[in-house]
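S.K.: I'll drop the sequence and a predicted model, then ask my questions.
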Amino acid sequence: MTTTAVQQFDLLIEGKLSPSLSGNYFDCINPSNGEVFARVSDADTVDVEIAVSAARLGFDHGRWPKMSNAERGEFLIKIASLIRENAKELAELECASTGKTIKHTTFIDVPTAAETFEYFGHLSGKMINETIRNSTPVLSVIEREPVGVVAAIIPWNYPLIMTAWKLAPALLAGNCVVFKPSPAACASVMLLAKLIAQLGLPKGVLNIIASSRAQAGQELVGSPEVDMVSFTGSSKTGEAVMALASKGVKKLTLELGGKSPNIVFADCDMEAAIGGALSAIFMNQGQMCTAGSRLLVEDKIYQEFVEKLVARAKSLKIGPADNFETEFGPLVSVEHRDNVLKFIEKGKQEGAKLACGGGIPNGPGAYLEPTIFINVRNSMHIAQEEIFGPVLCVIPFTSADEAVHIANDTKYGLAAMIWTKDLEKANKLARRLRCGTVWINTYGVFLNEVPFGGYKLSGFGRELGMSGYWEYTQIKHIATDQTPGGRSLVTCWY
Ligand code: NAD
């Protein structure tokens, strides 16, 4: 690892970097080697309150909500530039935090985060208000206004990208934000906070806090000074967030878990489908909300497909995430790996058969072999619950109808993949799947212009695109009477 010295990061509150009032820091552990690589200031209840009050003040009395989208967009472009200028350090910290390979953080996470800030930064010109012509003599102007103070909370699997997905549209719309990454992987976000502190954003507009305390998220969601909660995390936590946000009827978006089906038909391009299936479950060691964790394979090619897939999975190069040659790094922490191992045990007990993996490579770090289960029934625990690790469940099917039935037989609805050369069949099928994204002959296509989000227990609301921007706005109708003579019906009703 090139980042050798233990770095220290502070909170960004009221426009300046400062340690928590307690002066406590918590350790960030590199899952590749188990070593502490950074320390982050640990926000206490009082720090959360100060951050929220700063955002409240910034929104109620500051100039940010009154600025034009174009002016706010300029700040987003500056954030993107800072990300690009500090790309190497951010990629290294993202890698050390999450265990994601350096190839991944260098070529995907960091540039994607910059591109999202750029996309929303340049979107400002398109934010026009709408004038609605109607049959009455009333001029209707529809305006979109910021919601107010937004509490944004993210998980640990894609810290920089999730930060960009939330901050860019929320800030562009004129909200003031308190942002909380996960303590399990937050060093890259806290470096970004340090960089943003130089920008001269108006006071209170953006507050970034980290905390080792599980209650910090609840304190944010429950604060009466917060108007909106934008949450990404597990479905279980999402339910708790929704219950808490109901007090005060806060606006809410929930981006939650998944158990996405990856449907492979016999008429697919087999090499492409094998490559896609591997990426869908083994990139970022399977710690992706959209992981294609249920692989449905048409019976005609089942045997051949599984044999080839298992051979490729066994050949993945496992190693420290900071090596550019590594194809498969550690999981985010030993604790998380232990949770995944419990699922593997459960799968064996249920009668599923391990085709490969399931073991822990020798040495320190949070490593786990890429794991593939065959003889899986969709009703099994391992096929129904989100494992959030490199564990694939392979299930055969005989017809498109059966594939749709199995695919939809889940409480989640985030994404699905279909592999076939028959695009008419794929498109018809895509419309029968109950989920927010369907990838045909590809996987993981996220575009800044295109909304992303879930159905069912995968949540509601959308990120990215115009839909993602609108989540952070509320709609106002301003109706001006245009009656000739200025006497509308209501003025003479009584
Ligand atoms: P998590 O739900 O445990 O934690 C997410 C965040 O919420 C963290 O910052 C955590 O500190 C905070 N938190 C914990 N309890 C809270 C509470 N009661 N109130 C408010 N905040 C609270 O999830 P995780 O383990 O960090 O991340 C993995 C999960 O995230 C998976 O389920 C994955 O599918 C999901 N995820 C979803 C998407 C998506 O876009 N749909 C993207 C990435 C990850």
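M.R.: Perfect, I can see it now. Fair warning: this is a prediction, and the values are worked out from it, not measured in the lab.
S.K.: now residue 254: phi and psi?
M.R.: phi -130, psi 120 (degrees, to the nearest 10).
S.K.: nearest spatial neighbour of it, skipping sequence neighbours?
M.R.: residue 459 (3.6 Å; C-beta to C-beta, 6 or more residues apart in numbering). In short, each C-beta sits where N, CA and C put it, glycine included.
S.K.: and that neighbour, how far from residue 20?
M.R.: 30 Å (C-beta to C-beta, to the nearest Å).
S.K.: who has more neighbours, the two?
M.R.: residue 459 (27 against 23; other C-beta atoms under 10 Å).
S.K.: could you look up the SS state of the residue in the chain that the ligand sits nearest to?
M.R.: The chain approaches the ligand most closely through residue 217 (2.1 Å), counting by C-beta to the nearest ligand atom. Applying DSSP: H, G, I helix; E, B strand; the rest coil to residue 217 yields a three-state assignment of helix.
S.K.: ranges for the helices of the stretch 251-400 of the chain?
M.R.: Taking DSSP state H, counting those that start in this stretch as the test, the helices found in the stretch 251-400 of the chain are 270-282, 299-314, 334-350, 381-384, 400-408.
S.K.: can I get these in TSV with mean neighbour count?
M.R.: Output for the helices of the stretch 251-400 of the chain, formatted as TSV (neighbours: other C-beta atoms under 10 Å):
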stretch	mean neighbour count
helix 270-282	20
helix 299-314	16
helix 334-350	16
helix 381-384	19
helix 400-408	19
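S.K.: thinking again about what came up before, for the residue nearest to residue 254, which residues are in contact?
M.R.: By C-beta atoms under 8 Å, 6 or more residues apart in numbering, residue 459 lies in contact with 235, 238, 253-256, 453.
S.K.: those residues of the chain touching the ligand, which are they?
M.R.: Taking C-beta under 6 Å from any ligand atom as the contact definition, the chain meets the ligand at 153-158, 180, 182, 214, 217-218, 221, 232-234, 237, 240-241, 255-258, 289, 386, 388, 414, 454, 458.
S.K.: of those residues, select the buried ones using a PyMOL command.
M.R.: Burial among the residues of the chain next to the ligand is assessed by 16 or more other C-beta atoms under 10 Å; the matching PyMOL selection reads:
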select buried, resi 153+154+155+156+157+158+180+182+217+218+221+232+233+237+241+255+256+257+258+289+386+388+414+454+458
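S.K.: give me the subset of the residues of the chain next to the ligand lying in strands.
M.R.: 153, 180, 232, 255 (DSSP state E).
S.K.: among the residues you listed, which two are most distant?
M.R.: Pairwise distances across these (C-beta to C-beta) peak at 14.6 Å, for the pair 180 and 255.
S.K.: how close does the nearest residue to residue 190 once chain neighbours are set aside get to residue 92?
M.R.: Using C-beta to C-beta, 6+ apart and skipping the chain neighbours, the partner closest in space to residue 190 is residue 9 (3.5 Å). Per C-beta to C-beta, residue 9 is found 14 Å from residue 92.
S.K.: repeat that for residue 314.
M.R.: According to C-beta to C-beta, residue 314 and residue 92 sit 29 Å apart.
S.K.: what's the answer for residue 431, then?
M.R.: The value you get for residue 431 to residue 92, if C-beta to C-beta is used, is 43 Å.
S.K.: between the two, point out the one with more neighbours.
M.R.: residue 92 (23 against 7).
S.K.: buried sites along the helix or strand hosting the more buried one?
M.R.: Using DSSP states H and E, residue 92 maps to helix 87-98. Burial within helix 87-98, assessed by neighbour count using 16+ other C-beta under 10 Å, is assigned to 87, 89-98.
S.K.: got the CA positions of that helix in CSV?
M.R.: These are the backbone C-alpha positions of helix 87-98, laid out as CSV (Å, rounded to 0.1, in the frame of the first residue of the first chain):
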residue,chain,number,x,y,z
ALA,A,87,-7.7,11.1,-7.9
LYS,A,88,-4.7,8.9,-6.9
GLU,A,89,-5.0,9.6,-3.2
LEU,A,90,-8.8,9.2,-3.2
ALA,A,91,-8.5,5.9,-5.1
GLU,A,92,-5.9,4.6,-2.6
LEU,A,93,-8.1,5.5,0.3
GLU,A,94,-11.2,4.0,-1.3
CYS,A,95,-9.2,0.8,-1.8
ALA,A,96,-7.8,0.7,1.7
SER,A,97,-11.3,1.4,3.2
THR,A,98,-13.4,-1.0,1.3
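S.K.: sweet, I'm off.
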